[in-house]
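A.B. asks: Pasting the sequence and the predicted coordinates here, then a few questions.
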Amino acid sequence: MSDEFDYKIEAKAADATTADASAPPIDYVPPAERPEQELYHSKSWWTTYVFSQDAKYIGVQYTCVATAIAVVGLILSLMMRTQLAFPGLNVLDPSTYYQFVTMHGMIMVVFFLTALFLGGFGNLLIPLMCGARDMVFPYVNMLSFWIFVLAILLLVSSFFVPGGPTGAGWTLYPPQAITVGTPGNLWGMVMMLASLVFFVIGFTMGGLNYVITVLQARARGMTLMRLPLSVWGIFVATVLALLAFPALLVGGIMLLLDAVLGTSFFMPEMISMGEKLSTEGGSPILFQHLFWFFGHPEVYIVALPAFGIVSDLISVHARRNLFGYRMMVWAIVAIAALSFIVWAHHMYVAGMRPWFGYFFATTTLIIAVPTAIKVYNWVLTLWRGNIRLTVPMLFTLAFIITFLNGGITGLFLGNVAIDVPLSDTYFVVAHFHMVMGIAPVLVVFGAVYHWFPLVTGRMLDEGLGKIHFWITFVGTYMIYTPMYYQGFLGVPRRYFEMYESSYASTVGLNVFITVAALIVGLSQLIFFYNIINSARAGKKAKKNPWDANSLEWQTPEMPPKHGNWGNELPVVYRWPYDFGVPGIDKDYIPQNVSPSQVSGAKADKT
Amino acid sequence: MADTLDKLPKGIHGLTHDWSSDQTAFKKVPWGKAMMWIFLLSDTFIFSCFLISLMTARASTTAEWPNASEVFGLSVFGTSVPLLLIAIMTFVLISSSGTMAIAVKYGYEKNRKLCALFLLLTAIGGATFVGMQAFEWTKLIVHEGIRPWANPFGAAQFGSFFFMVTGFHGTHVSIGVIFLLIMARKTWRGDFDTGQRGFFTSMKSNYEAIEIMGLYWHFVDLVWVFIFAFFYLW
């Protein structure tokens, strides 16, 4: 290796030894750095359809399992809503209500959204968008999915253990989580923690795959700054997860030992049922620190892939190059970095030293800056775009509005003085559902409508999609806007009935919310019907049905076959947002179109 | 493959060049090796969380923290020598890092027999460490009466953290020993020279695996230095 680097080397035409020696100098792309990836070819039904090692297939598997468990989470929430609106019906008893709150939260945050965005969309999109044949370690990827299935099975089986699932709330705060009187304080907790440990192990296996595929397995010409933002979002979220899940794992192991062995990591000296417990000297706050050191990045593990996917959907469906691409990338990185130093804003009322509040309120509000940059850039991308109001576009627009109102209520809660009266009220419930529940789910829907043809080769039905969209979008506002109001009134969350309290006046509002929730919940059947029906008999999609630029639509066959690219790996010449470039007939230039093929185009070099 | 890879810039220019280039961000780094580095970063966070929790617990617990040199003393011929066993354990584990480094060197040179030999020696070192740890646990549990939930020396958290963290580290070492033995066998059999396909993955074996194993093993040893300092010297 010489000490002097010849900086002109990249400007020179390729050596005669490379394949594209005949290409004009303007099309120069550095030669391949490594031999072709060797793929695993399945030989039996089992290795093709069950233990598949094809990332696309694993992505679909992840999506189906995560959606299935989400349906369970949705049903739990509808039952809780019914209880709140009609306490006289006695749908649930208080213990069951707590158990459902806990399971709903944990399922939706960890087992649905995290698994869906990283395991589902990550596996489907990363290799295709990077121009790779597959993930770098297909076998480990397959194991990752099946360990995730094991985690789901453990989670579901906690409904059937003695005492039922844990009712500690999804934050699992000790000491109450493992103290007698909390439903599922022993077996429910053990199953929940075991499930989380397996989830972390499975995720780590998948996560290493996603990170290394993005860093080390891109196509020729694919620089990091030419990656679609979907990949950036999923990639950075995966890095976050790899660094945040350790805290959950450690907290989980310690809590498990407290529950099973009777250690006192988190258990102080306390009296339970009139008897002094044997535990002493533990610190419940320590668990909260560990949990939220995981828990806050977790919010962004869910949000960053949504940000990325939304950026791509906006650009494609508004036929407009993405405004401020580099700023968007750095905003994602900045949000990710900041998300590790804001965790204690979840603990303002936990009894921390009050001075900490200053620090954590400041960092929390600073996060609003890169986030606002992203929102402005989305809006500016729409400006003077040629907006096509397709179903993915509708969901995307709904996301921007929903994320905005969820995010702005976050500014309220980030301030200690405003958070203290609002904490543990329905304002918080409405805030986090809007910002990390509804907003990402809207992106999931948009993404499913957008990439469904890539998976099945058929389009989803537009008409049904629009009905599904309007019920879901309007419905969620019917649900959560009244909750903000309830929160201002001071209605506490996690109460199973308001009894004769002054909050009983909001029961009428609760009926309204519940009816809206039932309608939205049932309307998802339209979506599932659309999926099943269109997969069988939907309109055949043409190749690249949305006229998109990113590589996943440029495969030789659609849906792509095993190995994605046929004989020839793609070569990338530009970013994925060359829409409406002057000087050519089409309004888009795919990433693998070389400059000499569109010589009239007046596009900036990316 | 490519000639341009032989003329990569260095230093800060190298950093910007590599990260703004196409295909790979870490030039000439095999996938498996990059994966192990990222995994170790994640694992570092796990051990950091354990040790920071230990510091928090020690600061916030109500009872007196036991005196480590009393608890971990070993009686030899009637005289009590503090930290004797742990000094030997640490010495063995650190030495196994040395044999691992030699194994990696022979792996680079594709020296099949010596590579396998030193992998085996490393595995023996690791197994010895785990064995001595089992001995220490037995001594603490049976003779000193220390339990994960309580101990006669003071704060209950002392035993809780000790068994949890050394147990977690011991698990790492044990997994390492198992893989070292598998690697040693594969090396001895010549899998890496013939490119024998893996039993599970069906991918060709390569001497890169030895280096990746080495990264893991050195990490486990490095973590031990911190655990040693936090439990035995603090």
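C.D. replies: Cool, the structure landed. Residues are numbered from 1 along each chain as shown, chains lettered A, B, ... in the order given.

A.B. asks: Give the buried residues for stretch B:34-51.
C.D. replies: B:34-40, B:42-47, B:49-51 (16 or more other C-beta atoms under 10 Å in any protein chain shown). From N, CA and C alone the C-beta is placed, and that goes for glycine too.

A.B. asks: typo on my end, it should be stretch A:384-395
C.D. replies: Of the residues in stretch A:384-395, A:G385, A:T390, A:V391, A:P392, A:M393, A:L394, A:F395 count as buried by neighbour count, 16+ other C-beta under 10 Å.

A.B. asks: just stretch B:146-162 next, same as before
C.D. replies: So, applying 16+ other C-beta under 10 Å, buried residues of stretch B:146-162: B:146-151, B:153-162.

A.B. asks: wait, does it contact chain A?
C.D. replies: Yes. Using C-beta under 8 Å from any C-beta of the partner chain, we find that stretch B:146-162 touches chain A at B:P148, B:W149, B:A150, B:A155, B:A156, B:Q157, B:S160, B:F161.

A.B. asks: can I get these in a markdown table with pLDDT and secondary structure?
C.D. replies: A markdown table is the format used below for those (pLDDT from 0 to 100; DSSP: H, G, I helix; E, B strand; the rest coil):
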| residue | pLDDT | secondary structure |
| --- | --- | --- |
| B:P148 | 91 | coil |
| B:W149 | 91 | coil |
| B:A150 | 89 | coil |
| B:A155 | 91 | coil |
| B:A156 | 92 | helix |
| B:Q157 | 94 | helix |
| B:S160 | 95 | helix |
| B:F161 | 96 | helix |
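
A.B. asks: Would you convert the residues you listed into TSV that also reports distance to A:V375?
C.D. replies: Conversion of these to TSV gives the following (distance: C-beta to C-beta, whole Å):
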residue	distance to A:V375
B:P148	50
B:W149	51
B:A150	54
B:A155	50
B:A156	50
B:Q157	46
B:S160	46
B:F161	45
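
A.B. asks: Sort out which one of the residues you listed lies nearest A:A372 for me.
C.D. replies: Proximity of the residues of stretch B:146-162 next to chain A to A:A372 (C-beta to C-beta) peaks at B:F161, which lies at 42.8 Å.

A.B. asks: Quick check: which ranges of chain B have low pLDDT?
C.D. replies: B:1-4 (pLDDT under 70).

A.B. asks: now with 80?
C.D. replies: Chain B contains residues with pLDDT under 80 at B:1-6, B:69-70, B:73-82.

A.B. asks: now the strands for the chain?
C.D. replies: Picking chain A for this. Listed in chain order, the strands of chain A (DSSP state E) span A:271-272, A:275-276.

A.B. asks: hmm, I had chain B in mind actually
C.D. replies: According to DSSP E, the strands that chain B contains are B:74-76, B:79-81.

A.B. asks: Quick check: which of these is nearest to chain A?
C.D. replies: Proximity to chain A (C-beta to the nearest C-beta) singles out strand B:74-76 among the strands of chain B, at 25.8 Å.

A.B. asks: Tell me which strands the closest one pairs with, and in which orientation.
C.D. replies: strand B:79-81 (antiparallel) (DSSP bridges).

A.B. asks: circling back to that earlier point, among the buried residues of stretch A:384-395, which ones are in helices?
C.D. replies: Among these, the residues falling in helices (DSSP state H) are A:V391, A:P392, A:M393, A:L394, A:F395.

A.B. asks: count of residues packed around the closest residue to the third one other than its chain neighbours?
C.D. replies: Nearest residue to A:M393 in three dimensions, chain neighbours excluded: A:H317, at 3.9 Å (C-beta to C-beta, 6 or more residues apart in numbering or on different chains). A count of nearby residues for A:H317, using other C-beta atoms under 10 Å in any protein chain shown, gives 27.

A.B. asks: Contact partners for A:H317?
C.D. replies: Neighbour list for A:H317: A:I387, A:R388, A:T390, A:P392, A:M393, A:T396, A:W546 [criterion: C-beta atoms under 8 Å, 6 or more residues apart in numbering or on different chains].

A.B. asks: now do A:F395
C.D. replies: Going by C-beta under 8 Å, 6+ apart, A:F395 touches A:L313, A:L442, A:V443, A:F445, A:G446, A:Y449, A:F469, A:F473.

A.B. asks: Would you mind confirming that the second one is in contact with A:F473?
C.D. replies: Yes. Taking C-beta atoms under 8 Å as the definition, A:L442 is a contact partner of A:F473 at 7.4 Å.

A.B. asks: joint contacts of those two?
C.D. replies: A:F395, A:A398.

A.B. asks: okay, the two: which has more neighbours?
C.D. replies: Neighbours were counted for A:L442 and for A:F473 using other C-beta under 10 Å; A:L442 has more, 26 against 20.

A.B. asks: Leaving out sequence neighbours, find the closest residue to the more buried one.
C.D. replies: Using C-beta to C-beta, 6+ apart, the closest residue to A:L442 is A:F399 (4.4 Å).

A.B. asks: thought A:M225 was touching A:Y577?
C.D. replies: No. Contact between A:M225 and A:Y577 fails when scored by C-beta under 8 Å: they sit 11.5 Å apart.

A.B. asks: which residues are in contact with both of those two?
C.D. replies: Counting by C-beta under 8 Å, 6+ apart, the shared contacts of A:M225 and A:Y577 are A:Y325.

A.B. asks: When those two are compared, which one has more neighbours?
C.D. replies: Between A:M225 and A:Y577, counted using other C-beta under 10 Å, the more crowded position is A:Y577 (26 against 13).

A.B. asks: quick one: that one from A:N377, how far?
C.D. replies: Counting by C-beta to C-beta, to the nearest Å, the separation of A:Y577 from A:N377 is 12 Å.

A.B. asks: Likewise for A:D419?
C.D. replies: In terms of C-beta to C-beta, A:D419 sits 29 Å off from A:N377.

A.B. asks: A:G410 now?
C.D. replies: 19 Å.

A.B. asks: returning to that earlier point: out of the ones in helices among the buried residues of stretch A:384-395, which one sits closest to chain B?
C.D. replies: Using C-beta to the nearest C-beta, A:P392 is the member of those that sits closest to chain B, with 29.1 Å.

A.B. asks: residue contacts, that closest one?
C.D. replies: Here A:P392 is in contact with A:L313, A:H317, A:G446, A:A447, A:Y449, A:H450, A:W546 (criterion: C-beta under 8 Å, 6+ apart).

A.B. asks: And the pLDDT at it?
C.D. replies: Per-residue pLDDT puts A:P392 at 97.

A.B. asks: which residue is nearest the centroid of chain A?
C.D. replies: A:V302 (3.1 Å; C-alpha atoms, centre = their mean).

A.B. asks: That one against A:F111, yeah?
C.D. replies: No. Applying C-beta under 8 Å, one finds A:V302 not in contact with A:F111, separated by 11.9 Å.

A.B. asks: contacting residues around A:S283?
C.D. replies: A:S283 neighbours (C-beta under 8 Å, 6+ apart): A:F265, A:F266, A:P268, B:T56, B:A57, B:S60, B:T61.

A.B. asks: Most widely separated two among these?
C.D. replies: With C-beta to C-beta as the measure, no two of those lie farther apart than A:P268 and B:T56, at 13.5 Å.

A.B. asks: one step back: let's have the strands of chain B in TSV, adding mean neighbour count and distance to A:Y325.
C.D. replies: Output for these, formatted as TSV (neighbours: other C-beta atoms under 10 Å in any protein chain shown; distance: least, C-beta to C-beta, whole Å):
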stretch	mean neighbour count	distance to A:Y325
strand B:74-76	12	63
strand B:79-81	11	65
